[in-house]
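J.: I'll drop the sequence and a predicted model, then ask my questions.
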Amino acid sequence: MLLSELSQRESLVEVLQTSFNMEEQCYYNETIAFFYNKSGKYLATEWNTVSKLVMGLGITVCIFIMLANLLVMVAIYINRRFHFPIYYLMANLAAADFFAGLAYFYLMFNTGPNTRRLTVSTWLLRQGLIDTSLTASVANLLAIAIERHITVFRMQLHTRMSNRRVVVVIMIIWTMSIIMGAIPSVGWNCICAIETCSSMAPLYSNSYLVFWAIFNLVTFVVMVVLYAHIFMYVRQRTMRMSRHSSGQRRNRDTMMSLLKTVVIVLGAFIVCWTPGLVLLLLDVFCNDCNVLAYEKFLLLLAEFNSAMNPIIYSYRDKEMSVTFKQILCCQRQENVNGTAEGSDRSASSFNHTVLSSPHNNDHSVV
């Protein structure tokens with residue numbers, strides 16, 4: 001009887017261990033095709049017309065992103081009039097977008113049929129680079145929105161933030177972005193829980209995609225609130241100033257310039273980011289939605305935001321435009337730092353507020 005009971009207990013333990021191992025089974029040594037088959041995502045074996053078109057467009061966008069953002073960084077570096085916190089944040093935004101171009105460039109050569117050659121680690125690296133770069137871009141947009149909110153409400157053109165604090169902010173942005181990009185690689189994935197894999201990202205857990213999408217959407221909402229608050233404040237102050245000054249026309253122009261910039265910023269973000277974020281949520285919560293049919297095009301659309309940022313935040317600045325032209329024409333640095341005939345601002349304009357004087361409204365960057 002004793003031997004029989006011991007045998008039954010051993011059998012029960014083996015069954016429990018087997019069941020536990022099945023539930024906790026990990027697939028680190030499996031091929032990428034294994035995960036794509038499990039998630040139901042098609043993995044191409046050869047290049048078709050659509051894939052070639054997407055790849056060609058993607059590479060073109062990447063080259064433009066890297067060149068445009070490199071131009072922004074060089075302009076801010078060589079022109080001492082841009083050595084202020086807002087421009088340092090803009091340079092960091094350009095660096096994030098430049099990194100996004102590199103990450104997407106790497107993706108273009110490891111997508112389509114080339115995806116089959118990737119290992120689990122290299123696939124996670126490919127996606128992690130994209131997540132890091134895009135998170136850094138969004139975080140920089142938020143930092144710029146906060147900086148503008150502070151300066152406008154303090155009636156300043158530039159914050160009095162020290163260079164050390166700016167460096168700390170930049171370090172926080174990149175630390176957070178790297179962590180966000182590395183989270184799936186260090187464990188928040190579906191390699192050990194195959195039933196939770198996403199259709200769009202076959203090695204990513206559905207829970208992580210929901211977290212990432214909501215995180216970005218919340219950031220978007222915060223930016224909308226900040227810029228809406230800025231606009232309401234500027235409009236109210238402009239109306240009060242119009243009653244007591246003869247510069248009503250200039251004040252109205254200042255308000256409209258601010259409004260146009262806000263509309264461009266929010267419009268670009270909404271158009272480029274919201275469809276992709278919504279698609280991630282549909283992938284998790286809508287089983288009948290054919291999200292894979294739109295995946296590549298919406299990924300390209302999101303990447304376009306990195307190409308638009310230099311235009312939105314830099315090219316509306318007339319002096320930045322002059323600096324761009326001088327760089328592209330290989331003019332000497334003295335001409336860049338000197339007073340340009342085509343610029344309607346002087347160095348002293350940095351000490352004035354964008355709102356307190358009706359004659360100083362051309363150099364606002366929102």
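T.: On my side now, so go ahead.

J.: measure stretch 25-41 end to end?
T.: Taking Cα to Cα, to the nearest Å as the measure, stretch 25-41 stretches 22 Å from start to finish.

J.: ditto for stretch 153-165
T.: One end of stretch 153-165 to the other measures 20 Å (Cα to Cα).

J.: list the contacts for the nearest residue to Met108 once chain neighbours are set aside?
T.: Closest residue to Met108 apart from its sequence neighbours, by Cβ to Cβ, 6 or more residues apart in numbering: Gly58 at 4.8 Å. Yep, even glycine has a C-beta here, placed from its N, CA and C like the rest. Contacts for Gly58 (Cβ atoms under 8 Å, 6 or more residues apart in numbering) come out as 104, 107-108, 300, 303.

J.: can we see that at 10 Å?
T.: 104-105, 107-109, 111, 296, 299-300, 303 (Cβ atoms under 10 Å, 6 or more residues apart in numbering).

J.: then Val54?
T.: Counting by Cβ under 10 Å, 6+ apart, Val54 has contacts 48, 108, 111-112, 296-297, 299-300.

J.: just the buried residues from those residues, in ChimeraX please.
T.: To isolate the buried members of the contacts of Val54 in ChimeraX, using 16 or more other Cβ atoms under 10 Å:
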select :108,111,112,296,299,300
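
J.: returning to what we had before: surely the residue nearest to Met108 is in a helix?
T.: Yes. Judged by DSSP: H, G, I helix; E, B strand; the rest coil, Gly58 forms part of a helix.

J.: from Asn305, how far off is it?
T.: Using Cβ to Cβ, to the nearest Å, Gly58 is found at 14 Å from Asn305.

J.: do Val167 as well
T.: Separation of Val167 from Asn305 (Cβ to Cβ) stands at 25 Å.

J.: ok, those two, which is more surrounded?
T.: Asn305 (22 against 12; other Cβ atoms under 10 Å).

J.: now the helices: where do they sit in the stretch 151-300 of the chain?
T.: 163-182, 206-244, 248-285, 295-310 (DSSP state H, counting those that start in this stretch).

J.: can I get those in a markdown table with mean pLDDT?
T.: Below are these laid out as a markdown table (pLDDT from 0 to 100):
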| stretch | mean pLDDT |
| --- | --- |
| helix 163-182 | 93 |
| helix 206-244 | 82 |
| helix 248-285 | 73 |
| helix 295-310 | 81 |
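
J.: which of the ones you listed sits most buried?
T.: The highest mean neighbour count among the helices of the stretch 151-300 of the chain, using mean count of other Cβ atoms under 10 Å, belongs to helix 295-310: a mean of 21.

J.: contacting residues around stretch 277-284?
T.: Where contact means Cβ under 10 Å, 6+ apart, the residues beyond stretch 277-284 that reach it are 39, 196, 198-201, 204-210, 212-217, 220, 286, 288-292, 294-295, 298-299, 302.

J.: how many residues are close by Ala91?
T.: Other residues within reach of Ala91 by the criterion other Cβ under 10 Å amount to 22.

J.: tell me who's in contact with it.
T.: Contacts of Ala91 (Cβ under 10 Å, 6+ apart): 69, 72-77, 82-83, 140, 170, 314.

J.: what of Thr274?
T.: Counted by Cβ under 10 Å, 6+ apart, Thr274 has contacts 216-217, 220, 298, 301-302.

J.: can we see that at 8 Å?
T.: By Cβ under 8 Å, 6+ apart, the contact set of Thr274 is 217, 220.

J.: for Ala136, see how far away it is.
T.: Counting by Cβ to Cβ - Thr274 and Ala136 are separated by 19 Å.

J.: centre of the chain to stretch 143-155, how far?
T.: 20 Å (Cα atoms, centre = their mean, to the nearest Å).

J.: what's the spacing between Ala75 and Val322?
T.: 9 Å.

J.: what about those two, which has more around it?
T.: Ala75 (26 against 20).

J.: what sits closest to the more buried one if chain neighbours are left out?
T.: Excluding its sequence neighbours, the residue lying closest to Ala75 (Cβ to Cβ, 6+ apart) is Thr323, at 4.3 Å.
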